[in-house]
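# Just to be clear, the model below is a prediction. Sequence and coordinates:
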Amino acid sequence: MKSSAMAMLAAAVLTVAPASAEKFDLSTVTCKKFFEYDKDNLALLLVWLEGYYADQDADPVIDFDEMATKSKKLAEFCVKNPTIGVITAAEKIYGQ
């Protein structure tokens, strides 16, 4: 069961990965630019932010409702503050 879930996750990541190697330095990306990324990359970046700000000792549980709520809060904050760095904005939302 666990190995089939990992295989499905790997397949999903590989299908949405950009065709060319692309790097994102989120420390230099503004809120405006962050939300201009294509939908697939944006979804991956939002999941990455969730993991980046997760407590190291947190249980390995994914709460999709909480992720959606945080993503929405980040988007709302970024609409009001488009020139702020996305990491600065994420710190306010995910770092709470």
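That came through, no problem.
# Taking the centroid of the chain, which residue is nearest it?
In the chain, the residue lying closest to the centroid (Cα atoms, centre = their mean) is L46, at 1.3 Å.
# That one against T69, yeah?
No: the criterion here is Cβ atoms under 8 Å, and L46 misses it with T69 at 11.7 Å. From N, CA and C alone the C-beta is placed, and that goes for glycine too.
# any idea which helix or strand carries the residue nearest to the residue nearest to the centre of the chain when sequence neighbours are not counted?
Closest residue to L46 apart from its sequence neighbours, by Cβ to Cβ, 6 or more residues apart in numbering: S71 at 5.0 Å. Assigned by DSSP states H and E, S71 belongs to helix 64-80.
# which helices and strands does the helix or strand that that helix is followed by pack with?
Next helix or strand after helix 64-80 toward the C-terminus (DSSP H and E): helix 86-94. Where contact means 3 or more Cβ pairs under 8 Å, 6 or more residues apart in numbering; DSSP states H and E, helix 86-94 is packed against helix 31-34, helix 39-52, helix 64-80.
# if you set the cut-off to 6 Å instead, what comes out?
Judged by 3 or more Cβ pairs under 6 Å, 6 or more residues apart in numbering; DSSP states H and E, helix 86-94 is in contact with helix 31-34, helix 64-80.
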